[in-house]
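Colleague: Structure here, sequence nowhere to be found:
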């Protein structure tokens with residue numbers, strides 16, 4: 001006569017609890033993540049410091065240097081705020097060290113013969129100044145402000161394919177611009 005082993009009910013209950021616990025540890029995080037995603041409760045922060053233009057807008061390339069990232073300042077008259085911006089973008093570009101050769105600076109202004117403010121005097125080396133009197137510069141300035149939805153003194157960042165990627169107000173933070181540039185240059189194999 002065969003004898004059935006005695007079932008240990010306590011051991012069986014422990015085994016079931018362990019199985020349920022392991023299932024919760026495995027499926028729980030996936031369930032929570034999918035619920036957060038579905039109801040939009042995930043992280044809402046952004047990693048860029050400028051205003052992202054999404055999707056990137058193609059710009060007329062007549063003024064921009066091909067295969068280079070460009071920091072473009074558009075100012076009817078380059079006053080003290082414009083001079084300060086030119087000085088600050090020169091500082092940021094210099095801090096890029098080896099990658100600084102991949103970035104060019106462009107000033108689009110109405111009067112290219114007018115003297116720049118004192119704050120911009122040290123910023124002239126490597127700065128391309130283009131008159132808004134030319135059709136190509138006017139077309140670029142108009143396209144930049146239209147694509148970004150901006151007016152007045154702003155800084156625009158274009159990629160090596162002449163697409164507007166980011167734009168910044170006149171009071172941008174140097175460190176934020178530097179972080180954005182480092183990230184983009186690190187991710188990009190062009191320019």
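Modeller: Great, that's in hand. The structure presented is a predicted model; accordingly, all values stated were derived computationally and were not measured.
Colleague: Quick one: the strands in the chain, in order.
Modeller: Counting by DSSP state E, residue ranges of the strands within the chain are 51-58, 69-75, 103-109, 127-131, 154-158, 163-169.
Colleague: Note down every partner strand of the fifth one and its orientation.
Modeller: Here the strand partners of strand 154-158, with direction, are listed using DSSP bridges: strand 69-75 (antiparallel), strand 163-169 (antiparallel).
Colleague: okay, those strands, which one's buried deepest?
Modeller: By mean neighbour count, with neighbours taken as mean count of other C-beta atoms under 10 Å, strand 69-75 ranks first of the strands paired with strand 154-158 at a mean of 23. To be clear about C-beta, it is placed using only N, CA and C from the backbone, and glycine gets the same treatment.
Colleague: How far away from the center of its chain is that one?
Modeller: 15 Å (C-alpha atoms, centre = their mean, to the nearest Å).
Colleague: Please list the residues outside that strand that contact it.
Modeller: Strand 69-75 is touched from outside by 64, 82, 85-86, 89, 92-93, 102-109, 140-141, 144-145, 153-160, 181, 184-185, 188, 191, with contacts defined as C-beta atoms under 8 Å, 6 or more residues apart in numbering.
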